[in-house]
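> prediction below, plus the sequence it came from.
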Amino acid sequence: MSVVYVLILYVLLVNLLGFYAMYNDKLRSKKRAFRIPEATLFTIAVIGGSIGSIVGMYVFRHKTRHWHFVYGMPLILILQIIGLVALQIAPIEIQFL
């Protein structure tokens, strides 16, 4: 199995998790049930699910009034993109087994 394939699969799954977490937390908020902690939602975004989390925020209209989500989630995505670009142009060579 290729490393690129594994990375693509990981990013896809973690973004689906971010999208689902926003959906699930929105349902829980409507039912006044136990909610998903905000730290968990941000953690999912930080580990690679920022796109899914942002899309979920706006599709389900969830957490869109909280400034730390409206600005924090896109900031996480921007930092992830900067990190990927920095890795791409870095003058180092990474070899996988």
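Cool, the structure landed.
> how many neighbouring residues does Y71 have?
Neighbour count of Y71, defined by other CB atoms under 10 Å: 10. For every residue, glycine as well, the C-beta is placed using N, CA and C.
> if you could redo that for Y23, that was the one I meant.
Number of residues near Y23 (other CB under 10 Å) recorded here: 14.
> give the contact list for it.
Y23 sits next to G56, V59, F60, H62 when contact means CB atoms under 8 Å, 6 or more residues apart in numbering.
> can you pull the buried residues of whichever strand or helix holds D25?
Assigned by DSSP states H and E, D25 belongs to helix 3-30. Neighbour counts over helix 3-30 (16 or more other CB atoms under 10 Å) mark V14, N15, L17, G18, F19, A21, M22, N24, D25, K26 as buried.
> cool, stretch 72-90 as well?
Here stretch 72-90 shows G72, M73, I76, L77, Q80 as buried, counting by 16+ other CB under 10 Å.
> the last one and G49 touch, don't they?
No: the pair Q80 and G49 does not pass the contact test of CB atoms under 8 Å, sitting 10.0 Å apart.
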